[in-house]
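Enquirer: structure for the following, please:
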Amino acid sequence: MERAGVVTLDKRHVWHPYTAMEAYIAQTDPLVVVRAEGCYLHDADGRRYLDANGSWWVSTLGHRHPRLVRALVDQASVLAHTSLAGITHEPAARLAAELAALAPGADHPEVPAQQRLTRVFYSDNGSTAVEVAIKMAAQYWAQNGRPGRTRFITLSGAFHGETLGATSVGGVALFREVFGPLLFDVVQVPSPAEEGGWERAFAEVERALREGGDTVAGVILEPVLQGAAGMQLYAPAFVRAVREATRAADTFLIADEVFTGLGRTGARFACELAGVVPDLLCLAKALSGGLLPFGATLASERVFSGFLGERSRALYYGHSYCGNPLGAAVAREVLAVYRDEDVLGQVARKAPRVKAAFERMAETVPGVVRPRAIGMVGAVDLGGGGYLAHGGWRVYEAARRRGLYLRPLGDTVYISPALNIPDEALEELLHGVEASLREAAGD
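Expert: Alright, predicted model coming up:
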């Protein structure tokens, strides 16, 4: 089909996510992507675009990594799908063992057996991985002597997904306000990335646990880096302090590593930057290398043991595609590529260049402020306009003309490319971002 035909059908029938559709239909000339390879997208006009955001943070190994494609094809030729309800298959079993072996604390003999993340529950994506953790925590307390523990402590600016439970524990007002009557009650504390520092935020967590600890099922956070809030960084010391406080209050810590997990911050898991082991850990996005929707929730042996006993104590929750063999096989190959290609080592070598480039942009480009970077994530702000501001979209248009796909978060311009992006492509990206910022600033 010709490009024009695709756009016509799209604007007649497709409802796009996070998109003001009236303006899109009337004004937007969309990219029509026909193929992708490595860190590049190719459109119907024959142009290529460097994928600066990893296609919403999923393609950490680039597009169409040959080993992942081969793993998908090989698995599809023998078993594409079966339910995981009371039966099993090799990809799901082996992936669970491999995730448990990689989990925070797995290589620390001093971590007690009950605190180890030894159990894996599969789902479809990041939202459902979080939903699983919420339900696990709530049901654990309901059937283990503390039914009053039904509330969660969350952070301002947090984003944990799109299902109603995940939306309830989110902290981006724009994404949750309209659904307010449908959401359950939470205790929201200031983000540790906000003015006042992590100590102020932790004081609020500590107060909430002290005053209402018997009602708190858990504390949920994105360790060290809040993505949808505008790539907001905060000190690992906050995660460590919250871990100690939840241990003292005997409640759960849920680490949402859907965005930060598997190398994004330079560590395998961001909570390892704080040296902590959560009770529940949520994974998706990078887990399947951008090939398939796939998620997992890792649970401690303690949490798992709270569901043993009579049949009524089971976790009656699941999805048709839980542990899908295709996703599990691809996820296993993702972990193998990380090992074989030293992906974390690549991040360690490239991260200083990302940090230096974004600091230079803030120093030299008018109107660019608050440079920040961790691992393969770099960001700057163009003011305080928030998610609905237009400054970032001027940069987006300038970047598009330069062959970069650089979707902003309102006035936040950021990159989160493939972790294995080649050096020359990384230089192309960093120079392109700086040039686009200058053009948007009229410099």
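Enquirer: apart from its chain neighbours, what residue comes closest to residue 226?
Expert: Nearest non-adjacent residue to residue 226, counting by CB to CB, 6 or more residues apart in numbering: residue 232, 4.4 Å away. All C-beta atoms are positioned from the backbone trio N, CA, C, and that covers glycine.
Enquirer: tally of neighbours for the one you found?
Expert: 23 (other CB atoms under 10 Å).
Enquirer: so it sits against residue 225, correct?
Expert: Yes. Between residue 232 and residue 225 there is a contact at 7.3 Å, judged by CB atoms under 8 Å.
Enquirer: spell out which residues are contacts of both of those two.
Expert: Jointly contacting residue 232 and residue 225 under the rule CB atoms under 8 Å, 6 or more residues apart in numbering is no residue at all.
Enquirer: what's next to the helix or strand containing residue 92, contact-wise?
Expert: Element membership for residue 92 (DSSP states H and E) is helix 90-102. Outside helix 90-102, the residues that touch it by CB under 8 Å, 6+ apart are 75, 84, 106, 116-120, 122, 268, 283, 296, 298, 323, 325, 328-329, 331-332, 335.
Enquirer: now do the following helix or strand past it: everything it contacts.
Expert: The helix or strand immediately downstream of helix 90-102 is strand 117-123, counting by DSSP H and E. The set of residues external to strand 117-123 that reach it, using CB under 8 Å, 6+ apart, is 84, 92, 95-96, 99-100, 103-106, 129, 131-132, 136, 277-278, 281, 284, 294-301, 303-304, 315, 319, 322-324, 327-328.
Enquirer: and the next helix or strand past strand 117-123?
Expert: Following strand 117-123 in sequence, per DSSP H and E, is helix 126-142.
Enquirer: next, the angle from the following helix or strand past that following helix to helix 126-142.
Expert: Using DSSP H and E, the helix or strand that directly follows helix 126-142 along the chain is strand 151-155. Interaxial angle, strand 151-155 versus helix 126-142 (axes from the mean of the first three to the mean of the last three CA atoms, to 10 degrees): 140 degrees.
Enquirer: other residues contacting strand 151-155?
Expert: 134, 137, 160, 168-171, 185-192, 201, 205, 208-209, 212, 215-222, 226, 254.
Enquirer: filter those down to the buried ones, PyMOL style.
Expert: To isolate the buried members of the contacts of strand 151-155 in PyMOL, using 16 or more other CB atoms under 10 Å:
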select buried, resi 134+137+160+168+169+170+171+186+187+188+189+190+191+192+201+205+208+209+215+216+217+218+219+220+221+222+226+254
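Enquirer: mind listing which of the contacts of strand 151-155 are in strands?
Expert: 187, 188, 189, 216, 217, 218, 219, 220, 221, 226, 254 (DSSP state E).
Enquirer: ok, the last one - contacts?
Expert: Contacts of residue 254 were listed using CB under 8 Å, 6+ apart, and they are 130, 133-134, 137, 152, 218-221, 278-282.
Enquirer: cool, and the second one?
Expert: Residue 188 is in contact with 153, 154, 155, 156, 171, counting by CB under 8 Å, 6+ apart.
Enquirer: name the residues of the lowest-mean-pLDDT helix or strand in the chain that are buried.
Expert: Lowest on mean pLDDT, DSSP states H and E among the helices and strands of the chain sits helix 173-176, with a mean of 88. Under the neighbour-count criterion of 16+ other CB under 10 Å, helix 173-176 has 175, 176 buried.
Enquirer: of the contacts of residue 188, buried ones?
Expert: For the contacts of residue 188, buried by 16+ other CB under 10 Å: 153, 154, 155, 156, 171.
Enquirer: tell me the one of the residues you listed nearest residue 164?
Expert: residue 154 (14.2 Å; CB to CB).
Enquirer: and residue 336, how many neighbours does it have?
Expert: There are 14 residues near residue 336, going by other CB under 10 Å.
Enquirer: that one against residue 67, yeah?
Expert: Yes. Residue 336 is in contact with residue 67 according to CB under 8 Å; the separation is 7.4 Å.
Enquirer: and residue 370, that one's in a strand?
Expert: Yes. Counting by DSSP: H, G, I helix; E, B strand; the rest coil, residue 370 is found in a strand.
Enquirer: show me what contacts it?
Expert: With CB under 8 Å, 6+ apart, residue 370 has these contacts: 362, 379, 380, 381.
Enquirer: partner strands of the helix or strand encompassing the third one, with direction?
Expert: Per DSSP H and E: residue 380 is located in strand 377-381. Taking DSSP bridges as the criterion, strand 377-381 pairs within the sheet with strand 369-374 (antiparallel), strand 412-415 (antiparallel).
Enquirer: just the CA coordinates of it, formatted as PDB?
Expert: Extracted in PDB, the C-alpha atoms of strand 377-381 (Å, rounded to 0.1, in the frame of the first residue of the first chain):
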ATOM      1  CA  VAL A 377      19.400   8.000  29.800                       C
ATOM      2  CA  GLY A 378      20.000  11.700  29.400                       C
ATOM      3  CA  ALA A 379      17.600  14.500  29.800                       C
ATOM      4  CA  VAL A 380      17.200  18.300  29.900                       C
ATOM      5  CA  ASP A 381      14.200  20.600  30.500                       C
END
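Enquirer: max-length helix in this protein?
Expert: Counting residues, the longest helix found in the chain (DSSP state H) is helix 343-364.
Enquirer: from the buried ones among the contacts of residue 188, pick the one nearest residue 24.
Expert: residue 171 (26.8 Å).
Enquirer: ok, the closest residue to the closest one other than its chain neighbours - contacts?
Expert: Nearest non-adjacent residue to residue 171, counting by CB to CB, 6+ apart: residue 158, 3.8 Å away. By CB under 8 Å, 6+ apart, the contact set of residue 158 is 169, 170, 171, 172, 191, 220, 221, 222, 226, 229, 256.
Enquirer: do the same with residue 368
Expert: Counting by CB under 8 Å, 6+ apart, residue 368 makes contact with 361, 362, 380, 381, 382, 437, 441.
Enquirer: which pair of those residues spans the longest distance?
Expert: Among the contacts of residue 368, 381 and 441 lie farthest apart (CB to CB), at 12.7 Å.
Enquirer: report pLDDT for the residue nearest to the spatial centre of the chain.
Expert: What sits nearest the mean C-alpha location of the chain, by CA atoms, centre = their mean, is residue 259, with 1.7 Å. Reported pLDDT at residue 259 in the predicted model: 97.
Enquirer: try residue 101
Expert: For residue 101, pLDDT reads 98.
Enquirer: what about the closest residue to residue 168 other than its chain neighbours, how many residues close to it?
Expert: Nearest non-adjacent residue to residue 168, counting by CB to CB, 6+ apart: residue 183, 4.1 Å away. By other CB under 10 Å, 15 other residues sit near residue 183.
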